[in-house]
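Undergrad: coordinates only, sequence not included:
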RNA sequence: GGUCGCGUGGCCGAGCGGUUAGGCAGUGGUCUGCAAAACCUCGUACGGCGGUUCAAGUCCGUCCGCGACCUCCA
């Protein structure tokens, strides 16, 4: 099939037509979380963004191998004292847990939250700690190529040497001379800085001090792998030395992804990634929500509403809808008002979806209104155009809102469903469901959808009783039923065609 | 300080050379026992100042404001 998907490549800073290396197959790697804390709103964004990409590629008939790692070792934490303690190890010490216990706890939580957000699980979810041998091998290769050096049991990547034949900064736009010149006073105190030939060099392998908990033997002594190595190693192992798409948050662009490129080229000489994609940040009061500022709200807190900044609980689908209403490369600012707007929009669209799926078309093969017919057909096409234009989910949702209005109008007889031909109506319904459910990955959280047959039966009975009451103008009974159901979060709507609920 | 990005109506957010984004809130209607929902209607926005162009939120310059990265971060 002819691919028309254009994606913004961070490497060229342009939208490029996506062409997979192997026709029909796509290798997709997304940087996963470091599992040392509860996942927060910021984590929702990349995984929803790339989930939609994954779903869309899949819809187009491509066989996608989606690899997303779990970082359970390796990130150094630069304490003020400069001890360079591993994040996982630090958390373990603070919580008096085994490091792997910490890892498991937060990995489980991460999985739970991702499931709730309706993100599909990746094809492979490798852990850094399970690939120590491969990481050591890659370090050896880079040393053999003369682009890394060992000092006191640690191995550093020689950026200056690499830059002689390559361009360190090709992704981030950094200029090496500026990086060296711009090294501030505060950075001089960081662990290992004095061992490096140059301040811009980064660790591939770090010597472990005796009190360091996570440690592995290596040709350079007991230690642990460096910051950026795992992604290079695991992407190469499962997707090949050069693969199609690498995604992640913009905050990872430098140094993490820049270093990945350098490591990969330093090891294999090959460009590791054809298309780099970066999602923008979620902000709170205009500032990036993240660990370092401590201004994050966890997904659990959103789902329960249990946080001082939250006026209410927000469901997983409200969060998903909220994120999808903005383009992935724009920042999106959190606020209660914005989330409440997303919640209402989401509810409106879900209700419209259910309405649409229950509509019965009279079956006319000719459109009653050629203009309406043409408009709907054009709208259907535009949904795909928007996705092809760098996954513009905001525009897709705008189109689906148009369909929602139509569906409601047909239901209420405020517009004639026969204005569309049967085939166009079917197409509209099919594409709405495809976009909403399959590609945008939005799930129906309403009671009606989850109550099952028994609830349906009960509700039919209740509505029938209420109908009798209403016919007798027994408004007390009628309103009592409505109010009581409301308390159970079941809403009654009296329409022309009878009463419905959700 | 360096590199990059952003500033759109009350709020959130698409668009990025000429045509309605959309959602939420608000206005006025229709419907309705009441309510809710729904549908229709209305608002005419693109930080300031210059410039390019027949035509500019949309391109260029400049100024102001904000942010990201340069240290772990999605």
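TA: Yes, it's here. Note that the structure is predicted; figures quoted are calculated from it, not measured.

Undergrad: Outline the domain layout of chain A.
TA: With domains defined by automatic domain parsing, chain A comprises A:6-281, A:334-439, A:450-501.

Undergrad: Out of those domains, which is the most enclosed?
TA: Comparing those by mean neighbour count (mean count of other Cβ atoms under 10 Å), domain A:6-281 comes out on top with a mean of 19. No exception for glycine: its C-beta is placed from N, CA and C like everyone else's.

Undergrad: Report the rounded mean pLDDT for that domain.
TA: Domain A:6-281 shows a mean pLDDT of 90.

Undergrad: now do the same end-to-end measure for it.
TA: Terminal residues of domain A:6-281 lie 22 Å apart, using Cα to Cα, to the nearest Å.

Undergrad: picking that back up, of the domains of chain A, which approaches RNA strand B most closely?
TA: Of all these, domain A:6-281 sits nearest to RNA strand B, with 2.0 Å by Cβ to the nearest atom of the strand.

Undergrad: follow-up on the earlier one: closest to residue A:303 out of the domains of chain A?
TA: Counting by Cβ to Cβ, residue A:303 lies closest to domain A:6-281 out of these; the figure is 7.0 Å.

Undergrad: want to throw the domains of chain A into JSON lines with distance to RNA strand B?
TA: What follows is these, written out as JSON lines (distance: least, Cβ to the nearest atom of the strand, whole Å):
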{"stretch": "domain A:6-281", "distance to RNA strand B": "2"}
{"stretch": "domain A:334-439", "distance to RNA strand B": "3"}
{"stretch": "domain A:450-501", "distance to RNA strand B": "3"}
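
Undergrad: between those, which one is nearest to residue A:301?
TA: Proximity to residue A:301, assessed across the domains of chain A by Cβ to Cβ, is greatest for domain A:6-281 (8.2 Å).

Undergrad: any weak-confidence spans in the stretch 401-502 of chain A?
TA: Within the stretch 401-502 of chain A, the stretches with pLDDT under 70 are A:447-448.

Undergrad: Okay, helices next: where are they in it?
TA: Along the stretch 401-502 of chain A, the segments classed as helices by DSSP state H, counting those that start in this stretch run A:422-433, A:447-450, A:452-471, A:475-487.

Undergrad: So which elements touch the helix ranked longest in chain A?
TA: Counting by DSSP state H, the longest helix found in chain A is helix A:336-358. The helices and strands touching helix A:336-358, judged by 3 or more Cβ pairs under 8 Å, 6 or more residues apart in numbering; DSSP states H and E, are helix A:316-324, helix A:393-411, helix A:422-433.

Undergrad: the inter-axis angle of the helix or strand just after it versus helix A:422-433?
TA: Past helix A:336-358, heading to the C-terminal end, the next element that is a helix or strand (DSSP states H and E) is helix A:370-388. Regarding helix A:370-388 and helix A:422-433, their directions subtend 30 degrees when assessed with axes from the mean of the first three to the mean of the last three Cα atoms, to 10 degrees.

Undergrad: now what about helix A:370-388, what contacts it?
TA: Outside of helix A:370-388, the residues that reach it under the criterion Cβ atoms under 8 Å, 6 or more residues apart in numbering are A:4-6, A:56, A:367, A:392-393, A:395-396, A:399-400, A:402-403, A:406, A:419-421, A:424, A:427-428, A:431, A:435, A:439.

Undergrad: 7 Å instead, please
TA: Taking Cβ atoms under 7 Å, 6 or more residues apart in numbering as the criterion, the residues outside helix A:370-388 that touch it are A:4-6, A:56, A:367, A:392, A:395-396, A:399, A:402-403, A:419-421, A:424, A:427-428, A:431, A:435, A:439.

Undergrad: what's the average pLDDT for that helix?
TA: For helix A:370-388, the mean pLDDT works out to 94.

Undergrad: How far off centre is that helix?
TA: 27 Å (Cα atoms, centre = their mean, to the nearest Å).

Undergrad: tell me the angle of it relative to helix A:393-411?
TA: Relative orientation of helix A:370-388 versus helix A:393-411 (the same axes, to 10 degrees): 150 degrees.

Undergrad: quick one, strands of the stretch 101-250 of chain A?
TA: A:148-151, A:154-157, A:202-207, A:223-225, A:243-249 (DSSP state E, counting those that start in this stretch).

Undergrad: can these go into CSV with extra columns for distance to residue A:131?
TA: Putting these into CSV (distance: least, Cβ to Cβ, whole Å) gives the following:
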stretch, distance to residue A:131
strand A:148-151, 18
strand A:154-157, 16
strand A:202-207, 13
strand A:223-225, 9
strand A:243-249, 16
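
Undergrad: now for those, which one comes closest to residue A:99?
TA: Of all these, strand A:223-225 comes closest under Cβ to Cβ, at 10.9 Å.

Undergrad: If you count contacts, what does that closest one end up packed against?
TA: Based on contacts counted as 3 or more Cβ pairs under 7 Å, 6 or more residues apart in numbering; DSSP states H and E, the elements that strand A:223-225 packs against are strand A:202-207.

Undergrad: Could you check how far the strand it packs on is from the centre of its chain?
TA: 30 Å.

Undergrad: and for it, what are the contacting residues?
TA: Around strand A:202-207, the neighbours that count as contacts under Cβ under 7 Å, 6+ apart are A:139, A:142, A:148, A:152-157, A:192, A:218, A:220-221, A:223-229, A:255, A:259.
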